[in-house]
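S.K.: Predicted model and sequence below, questions to follow.
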Amino acid sequence: MEHEGNIVLALVVLAFARYAVLAGLSYALCYRPGLPGLQRFKIQPRSPKADQIRHELVYSSSTAYIFALLGVLVYWLYTRGHTTLYTDVRQHGWAYLSLSGGLVLVLHDTYFYWTHRLLHTRWLYRHVHTVHHRSTNPTPWAAYAFHPVEALLEGAVVFPLILVFPLHIYVFAGFLGVVLLSNIVGHLGFEFVPQTKRSSFWGRLLSSATHHNLHHQLFTKNYGYYFTHWDRWMNTAQAEPPARRRL
């Protein structure tokens, strides 16, 4: 029991630490103290206000705690054999392992797009999602700035993935890393990918920092997470304004 308690504590610490390190490092490089040479990549020229940063930090802490509890639940299910997570590659083969990584991103993107649209319905937006949209000029700390209900909805995606689809434990861990990294990039407030790359065939298929920043400015466009196909198919895509085509 003591050993299991130590593992649970480690999972909670990890949930906070990985977010604090990635978001904190991004904030330090781009905002305060910030590297002067990066300022030309800022999507919205103005600086976010101090009360916005405080708001993001408070709700990010709440979300990190909720995600930590969900991580503990995943660990409990896994150690008792209730998940489809596996460790032996030979169980499903290398081909499946390779495909499962891409499949899980497509499934998550679909889940995110439609739950995101749900959060923009009138009642849920007013009582839940408005917490996140207080950041119209988001910083990396906005990546976790969710109402607790939204945090639970965001984190709940892991359960169909680990209860239905066989996933190698390393694929699952990599997926969690990509989720966090993509979230911070989307809320970074800086665009480092040149416009020529973003407007290429592959660039148009992938979401970008500008793509999600426009969602925080316009509220009703660009709901996607990794990809843009749902936005294009559902007519919710917003092209970049001419002012953003300088990169």
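M.R.: Received, thanks.
S.K.: In this structure, which residue is most central in space?
M.R.: Central residue check for the chain by CA atoms, centre = their mean: the C-alpha nearest the mean position is that of residue 183, 2.9 Å away.
S.K.: so what's that one closest to, chain neighbours aside?
M.R.: In space, and not counting its chain neighbours, residue 183 is closest to residue 143: 4.2 Å by CB to CB, 6 or more residues apart in numbering. (C-beta placed from N, C-alpha, C; glycine too.)
S.K.: Can you give me the distance of that neighbour to residue 239?
M.R.: 24 Å (CB to CB, to the nearest Å).
S.K.: between these two, who's got more neighbours?
M.R.: For residue 143 versus residue 239, neighbours defined as other CB atoms under 10 Å are more numerous around residue 143 (27 against 13).
S.K.: Retrieve the pLDDT associated with the more buried one.
M.R.: Predicted confidence (pLDDT) at residue 143: the value is 97.
S.K.: tell me the secondary structure for it?
M.R.: Secondary structure assignment for residue 143 (DSSP: H, G, I helix; E, B strand; the rest coil): helix.
S.K.: where exactly do the helices run in this protein?
M.R.: 2-30, 50-79, 93-119, 122-124, 130-133, 148-155, 158-164, 169-186, 195-198, 201-205, 209-218, 229-233 (DSSP state H).
S.K.: and the ones you listed as JSON lines, adding distance to residue 37 and mean pLDDT?
M.R.: JSON lines is the format used below for the helices of the chain (distance: least, CB to CB, whole Å; pLDDT from 0 to 100):
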{"stretch": "helix 2-30", "distance to residue 37": "10", "mean pLDDT": "88"}
{"stretch": "helix 50-79", "distance to residue 37": "22", "mean pLDDT": "95"}
{"stretch": "helix 93-119", "distance to residue 37": "32", "mean pLDDT": "97"}
{"stretch": "helix 122-124", "distance to residue 37": "41", "mean pLDDT": "98"}
{"stretch": "helix 130-133", "distance to residue 37": "30", "mean pLDDT": "98"}
{"stretch": "helix 148-155", "distance to residue 37": "34", "mean pLDDT": "98"}
{"stretch": "helix 158-164", "distance to residue 37": "38", "mean pLDDT": "96"}
{"stretch": "helix 169-186", "distance to residue 37": "19", "mean pLDDT": "97"}
{"stretch": "helix 195-198", "distance to residue 37": "19", "mean pLDDT": "92"}
{"stretch": "helix 201-205", "distance to residue 37": "24", "mean pLDDT": "91"}
{"stretch": "helix 209-218", "distance to residue 37": "17", "mean pLDDT": "95"}
{"stretch": "helix 229-233", "distance to residue 37": "32", "mean pLDDT": "97"}
